[in-house]
Structure formats: C-alpha cells, structure tokens
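Asks: everything below, folded, please.
(4 chains)
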Number of protein chains: 2
Amino acid sequence: MNNSALQIPLESPGDVAAEPLMRVARARRLLILQEATRLFLDEGYGSATTNALVARVGGSKSTIYSYFGNKEKLFGAVVDHVLAQLKAATEDYDPPGGDLEDCLVDLGMKLQTIVLSDDHIALARMVIGEAHRFPEIGEIYHEHGPALAQRGVVDFLLAHDAMPGASLEDIRDAAEWFTGRLIHRAFIRALCGPGTDADPQEPGRIAQDAARTFVQRFAGPARGAAT
Amino acid sequence: MNNSALQIPLESPGDVAAEPLMRVARARRLLILQEATRLFLDEGYGSATTNALVARVGGSKSTIYSYFGNKEKLFGAVVDHVLAQLKAATEDYDPPGGDLEDCLVDLGMKLQTIVLSDDHIALARMVIGEAHRFPEIGEIYHEHGPALAQRGVVDFLLAHDAMPGASLEDIRDAAEWFTGRLIHRAFIRALCGPGTDADPQEPGRIAQDAARTFVQRFAGPARGAAT
DNA sequence: TATGTACCGTACTGTACGGTACACTTACGA
DNA sequence: TCGTAAGTGTACCGTACAGTACGGTACATA
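Replies: A predicted model of the protein is given here:
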C-alpha cells in the first residue's frame, strides 16, 4: 500500500553548534535511532547488522554501543520510537463534521492509512517474527498498536453516541465488527507480502461499505434481540 | 502459485520393513520433515539450526542435506507440509444440520480452532517474519491459508443459500464481515504473543455473536440499499 | 595550557552456523 | 560373498556477525 505516513522528522536537531556537548550528544543519539529505525524496518531484525548501521550513520560502532548497549536494546528503542510516531499520527486526528456515516468513512480511511502504511506493516512483521524471542516487545506493540486502535474506535462510537442505549459490551463487539471488516483481509494480505498490487480504489470502497453497513445494521437505537 | 521447489510427496510410511531401500528412504525423509517442522515451529526459521535438527532426528547432517539440499528448501518443504496438514483438517469438515445460525456457529468454531491453533500461529509468525526474505513463501501461505479460508466461507454461504438474491460481491463482502469479526482480534493478539490467557469462553461467545448477528443483519433476502 | 567529553577508525576476538568432505558402516540383492 | 546404495559420524571450512579494545581527534570549559 502507500507509505510515508511516518517519515521521521521528530524533533529536528535544531542549531546544534551553538549549544554545548549535551545537545550534540542528543542529536547524535537521535540520528542513530532514526537510521536504526529505517534499517530495521527495511531489513528486519535478524538481517540488519550493526556494521550496516554504522555505514548509514557514519561514525563508529563504539558510539552506537555507548548509547544503546547492545542490539536488543537498540531494537527495543526502535520499536518504541516507531510506536510513538504512529501514536502521534493518531493523536491529531480531527474527525470531520457531518453525519455518522461520513465520520465513519473518514475514520475508516484514517485507520486503513495508518495500519496499512509501509512502516507499520514492516514494524508488525518484525515484531511478529521476533515475538518468540522478544515476547515483551510483542506485548508492547500489541498494547500500543492494535489494542489502542480498538479502544480508539470504541471511544469514537461513544463520543458520537452512535449506538444509543447499547451496553458497553455491545459497543465493543460492534467496534470489533467494524475494525475486522475494515482491516482484517488487507492487513493479513500485507503481512504476507506485497502481493498483486491491489485496486487503489479498494480502501475507499471498503471504508464506504464498512461505514454504510455499520450505520444500517449496527448503529442507531438498540434493537431487540429479535429480528 | 503452487511452487516448484516445494513439492512434497507426503505419504504415510506404510509398513516399511517389508519393502526395500526406497521405502526406508521415504520414511527417513518423512521423519526428517516431521522433526524439521516441529523444530521450525518451535524456534522459528532463524533460530532453528541444522545441528539441532540432527540432534532431534539422529543420524547425520549429510543425510538431511542429501534430501533437502539446503536450509531454505527445507523451510519450503516444511511450510508445504504444515499447510497440507491444515488443509486436510478443513477438508473433512462436515457441517451439521440445523438452521443457518447453528451452521454458522459450527463453522465459526471450526475456523477459530484451526486459525488459532498453536501450529498455525507458529507457522504464520514464521512466514510473516520471513516474508521479506522469502516472498514467495508468503504468497503460498496466503493463498493456501487466509485466502483459502475466505473462499471457504463464501462457498459455505452459497451452499446454504444464506443470502438469497445477493450478488456475489455482496456475499464476498459479507464473508469478510464474518471472518473479520470472528478472527481478527484474536488472531492479531495471538501473533503478538501468548498474552494474558484469555477467557476460554471467548471463542464460543464470539462464534455465537458472529453467527447471530450475521443472521439478523446480513442473511436472508437482500435488503434494499435504503435504511 | 590542562582536562574531560564525545566521537572516530580500525583492527580484532569469539563464536555460531550453514554447508562440505570423507572415510566408515549397514543391509539388501544377485 | 561381493557389489552397491543409503546412511552415519566427525572433522573441518568459510564466513558473517555481535561486541570489544584502543589509540587518536575535536572541542569546550576551567
């Protein structure tokens, strides 16, 4: 799918020269982290070598090790870093006006854009592939990725009073219907590889279907259990 | 898509002793494949070493290399092997009688059981983690795993005439709703790690919800586009 | 001018692992 | 009983890689 939702500005070094060493050090550390992020996302944990990182960053391995200790800790820092960027991308989300369906379409597009971004796919692949070796990183990712997104949808439904009278559990279930329909197929597809380049209309179509169907069949005053 | 390098005869050893060398060779090959499968699923591709495989199988590395050539080809054979087993598990599926909702509950349980089985999760993790290095294995997995399951649900809906009058596209969309709701959250959760051991009632609850809601809101004669 | 900090460059160590070589053994069939 | 094919056991090779050692540089502060 597309990409670049997540390029890496994040605290530009600023005019470094004026300030003393500490500042320089921070900038150096940040640069290492950024390059490590790109490297890990491009190559995966196992294939990303510390020498390759040196080649990207310039400088020497000693510096990298003085900052991060070892490769595993560097990996942890990278995962944190990417998750923070993803989170930042969601936090300035400003839902549009309009009726519920329009809002859901917008939310759906936003969710797809983030979840299917190249960077997120690469991160998810890496984390999943290493979940056996780094179980706690799997937990962190899940909590700050999928679980967070799920809660976000629930909050959205609550904030829009999309299902008046429904219990919290029903709303949670409805949110799972919504995200499942929105994301599941394309996400798994993306995790498995680039695949045949899909219809660029697809995300829009799915967001529309998810929103319309949701409004028709889930939203509104609670229906009785009977058909 | 069925890949060249990855064919496996896959036949049970039979009564080996009676027959000459050829049979013994096949049995040997199968044993290696089975142990390799367990090893890869337990350790992941990168961490599974050929020496560890020798330690499990007994015998020598030479034999393994004479059968499989190298580690990558062995990996391919293992993926095929596991997929064949998963496929076999689906093929003798015999949907129960009863009304549509009961059938959907049963299908839902079956799907969850297979998709969330330890072996499948381990396979998916491995494939996803190595999708970067072995893109075609990612394709094979996707085609014989998720995509196959999706088509299975569509076929099921067609066979049960669950959505009379609906277009094929509508049925496909409905199938995505169904599998998304059924699988998405738990599958992602499982891929990320064992997590807090979930409510053992959960799969049943979700299958019930998926089936009931599906019947109420998707199945039956096509509804007009209007609310 | 002296000192401490951040960083550089490079050579090196230790080790793990995929893969190979090769001599030896076993079991069958003619 | 001999030839042959399958399999064994072990030692070994080449290489890739994480991590370390260490001498040197640039620069800011005191």
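Asks: can you count the residues close to the closest residue to DNA strand C within chain A?
Replies: Residue nearest to DNA strand C within chain A (Cβ to the nearest atom of the strand): residue A:59, separated by 2.3 Å. Heads up, the C-betas are built off the backbone N, CA and C, glycines and all. By the other Cβ atoms under 10 Å in any protein chain shown criterion, the neighbourhood of residue A:59 contains 13 residues.
Asks: which one is it nearest to, not counting chain neighbours?
Replies: Using Cβ to Cβ, 6 or more residues apart in numbering or on different chains and skipping the chain neighbours, the partner closest in space to residue A:59 is residue A:28 (7.7 Å).
Asks: let me see the ranges of the helices in chain A.
Replies: Under the criterion DSSP state H, helices of chain A are mapped to A:21-43, A:50-57, A:61-68, A:71-91, A:100-115, A:118-130, A:135-144, A:146-159, A:168-192, A:202-217.
Asks: least confident of those helices, on average?
Replies: Looking at these, the lowest mean pLDDT belongs to helix A:21-43 (a mean of 85).
Asks: related to what we said a few turns ago, ok, the residue nearest to residue A:59 - contacts?
Replies: Contacts of residue A:28 were listed using Cβ atoms under 8 Å, 6 or more residues apart in numbering or on different chains, and they are A:59, A:63, A:67.
Asks: likewise residue A:140?
Replies: Residue A:140 is in contact with A:79, A:80, A:83, counting by Cβ under 8 Å, 6+ apart.
Asks: for those, which one is nearest DNA strand D?
Replies: Checking the contacts of residue A:140 against DNA strand D with Cβ to the nearest atom of the strand, the nearest one is residue A:79 at 15.7 Å.
Asks: grab the nearest non-local neighbour of the single nearest residue of chain A relative to chain B.
Replies: Ranking the residues of chain A by distance to chain B (Cβ to the nearest Cβ) places residue A:129 first, at 1.9 Å. With sequence-adjacent residues excluded and distances taken as Cβ to Cβ, 6+ apart, residue A:129 is closest to residue B:129, at 1.9 Å.
Asks: what's the neighbour count on that neighbour?
Replies: Count around residue B:129 with other Cβ under 10 Å applied: 27.
Asks: per-domain residue ranges of chain A.
Replies: Per automatic domain parsing, the domain ranges recorded for chain A read A:4-78, A:83-219.
Asks: any part of the longest one near DNA strand D?
Replies: Going back to what we said before, that points to domain A:83-219. No: Domain A:83-219 is not in contact with DNA strand D by Cβ under 7 Å from any atom of the strand; minimum separation 12.6 Å.
Asks: would you mind measuring the gap between the ends of that domain?
Replies: With Cα to Cα, to the nearest Å as the measure, the ends of domain A:83-219 fall 31 Å from one another.
Asks: before we move on, what about stretch A:65-79?
Replies: First residue to last in stretch A:65-79 (Cα to Cα) measures 17 Å.
Asks: for that stretch, buried residues please.
Replies: Within stretch A:65-79, the residues that count as buried by 16 or more other Cβ atoms under 10 Å in any protein chain shown are A:67, A:68, A:71, A:74, A:75, A:76, A:77, A:78, A:79.
Asks: what sits closest to the second one if chain neighbours are left out?
Replies: Across the structure, with Cβ to Cβ, 6+ apart as the measure, the residue nearest residue A:68 apart from its sequence neighbours is residue A:74 (4.1 Å).
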